[in-house]
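*Asks:* when you get a sec, could you give me coordinates for this:
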Amino acid sequence: MKKSISTLILIFVSLINYSQSYEFETVIDLETTDVISQGNTGTCWSFSVSSFLESEIMRKTGKKIDLSEMYTVRNTYPKKAWNYIMRQGKAQFSEGGLAHDVINSVADYGLVPNVAYSGLETDALRHNHAEMIAVLKGLLNVFIDNPGKQLSPKWKQVTESVLDTYLGKNISTFNYDGVQYTPKSFLEMTKIDPEDYISITSFSHKPYYSNFILNIPDNFSNGSFLNVELNDLVNITNTALKAGYSIALDCDVSEKTFSSKHGLAVIPKDEVNNKDALTKIMSEKTISQVLRQQEFENYNTTDDHLMHITGMLKDQNGTTYYKVKNSWGNNPDRVAHNGYIYMSEAYFKLKTISIMVHKDVVPKKILN
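*Replies:* Numbers count the residues shown, from 1 in each chain. Below you'll find the predicted structure:
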């Protein structure tokens with residue numbers, strides 16, 4: 001009888017704990033710029049990492065600067081085109097990219113503020129690259145097909161012309177707050193050093209604590225990632241946030257339990273609870289390195305979207321969530337939490353492709 005009563009009590013307590021509406025308490029909330037929309041583009045990589053760098057500029061200098069995402073996009077497309085042309089079309093040519101593509105652009109071409117280069121056509125209020133990418137890819141394919149029996153060098157000029165038409169001509173000087181800058185001198189003013197940032201992942205098909213090229217479609221530039229065990233990936237993220245450093249995040253957002261409308265990303269233990277888990281606390285899966293690798297190798301975890309981790313929260317049961325800045329706008333009719341996603345630690349552990357952090361928050365024994 002006592003055993004039956006005890007079982008009933010445990011069931012009752014469990015139901016109470018996991019049928020509550022979410023109540024979040026902010027633990028860490030780092031300074032960042034406003035949530036904006038990437039529009040009808042696949043350039044989340046530039047929006048997220050630009051936001052990350054904006055927070056880094058505030059951390060380093062106290063200055064709040066709205067960086068130009070499209071300046072980076074404008075300078076990255078010729079590199080994508082080169083890769084596509086040289087691989088004779090046997091590579092992906094799309095709007096996608098990764099965090100290191102922004103850092104590579106910063107190192108090569110510097111930074112500019114959005115007021116100096118918006119990348120918007122006259123009177124346009126929203127980015128839309130659907131036509132531009134179709135035109136670019138179509139033209140590159142014509143050159144690859146070699147109607148003149150050999151590759152024409154004009155493909156570079158044509159690529160630049162299309163980018164100039166849709167995004168605007170590149171700039172060499174501009175004025176900002178009454179001072180004239182070049183993109184390189186502006187970068188120097190922001191105190192951003194591209195050498196300070198490192199991409200980190202966690203997959204078991206490569207040796208841990210070594211660097212490797214992650215074979216995902218958007219890694220056209222063959223960027224290298226430091227591979228660590230899953231617990232270290234989480235610890236580095238938590239350590240960075242506690243020390244006042246934000247994090248650029250590349251992850252899978254295709255799960256039904258990732259919802260911008262509800263501002264939530266969770267991994268329920270039982271899939272029948274997927275819908276309810278967006279409004280009520282449900283028990284989540286225990287995420288292991290084995291499960292993470294399995295989901296990556298069977299394409300359930302793919303490189304979908306880049307965002308910006310700017311804080312940490314806890315629900316009333318003490319579960320950790322990351323405050324993740326998205327780039328899908330802040331329209332309250334479409335997104336919750338003013339455009340932020342509250343991502344559970346379980347979701348982060350299972351669905352993260354990689355993070356980018358300042359190297360100062362990575363333990364020296366791991367860097368070495």
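*Asks:* run through the strands of the stretch 1-150 of the chain in chain order.
*Replies:* If DSSP state E, counting those that start in this stretch is used as the criterion, the strands of the stretch 1-150 of the chain fall at 25-29.
*Asks:* so where's it uncertain?
*Replies:* Scanning the stretch 1-150 of the chain for pLDDT under 70 picks out 1-19.
*Asks:* just the terminal-to-terminal distance for stretch 349-367.
*Replies:* 21 Å (C-alpha to C-alpha, to the nearest Å).
*Asks:* chain center to that stretch: distance?
*Replies:* 14 Å (C-alpha atoms, centre = their mean, to the nearest Å).
*Asks:* in that stretch, what's buried?
*Replies:* The neighbour-count check on stretch 349-367 (16 or more other C-beta atoms under 10 Å) flags 349-358, 361-362, 366 as buried. For glycine as for every other residue, the C-beta is placed from the backbone atoms N, C-alpha and C.
*Asks:* closest one of these to residue 218?
*Replies:* residue 353 (9.5 Å; C-beta to C-beta).
*Asks:* packing partners of the strand or helix carrying the closest one?
*Replies:* Secondary structure from DSSP states H and E places residue 353 in strand 352-358. Strand 352-358 is packed against helix 44-61, helix 99-109, strand 197-201, helix 230-242, strand 247-251, with contacts defined by 3 or more C-beta pairs under 8 Å, 6 or more residues apart in numbering; DSSP states H and E.
*Asks:* quick check: mean pLDDT of it?
*Replies:* Here strand 352-358 scores 98 as its mean pLDDT.
*Asks:* okay, the angle between it and helix 230-242?
*Replies:* 40 degrees (axes from the mean of the first three to the mean of the last three C-alpha atoms, to 10 degrees).
*Asks:* between strand 352-358 and helix 99-109, how many degrees?
*Replies:* Computed by the same axes, to 10 degrees, the angle separating strand 352-358 from helix 99-109 equals 40 degrees.
*Asks:* what mean pLDDT does the following helix or strand past strand 352-358 get?
*Replies:* Per DSSP H and E, strand 352-358 leads on to helix 364-367 as the next helix or strand towards the C-terminus. Helix 364-367 shows a mean pLDDT of 92 in the predicted model.
*Asks:* contacts for helix 364-367 next, please.
*Replies:* 198, 209, 226, 228, 232, 236, 359 (C-beta atoms under 8 Å, 6 or more residues apart in numbering).
*Asks:* one more: stretch 130-138?
*Replies:* Contacts of stretch 130-138 (C-beta under 8 Å, 6+ apart): 40, 42, 77, 81, 84, 93-95, 159, 162-163, 166-167.
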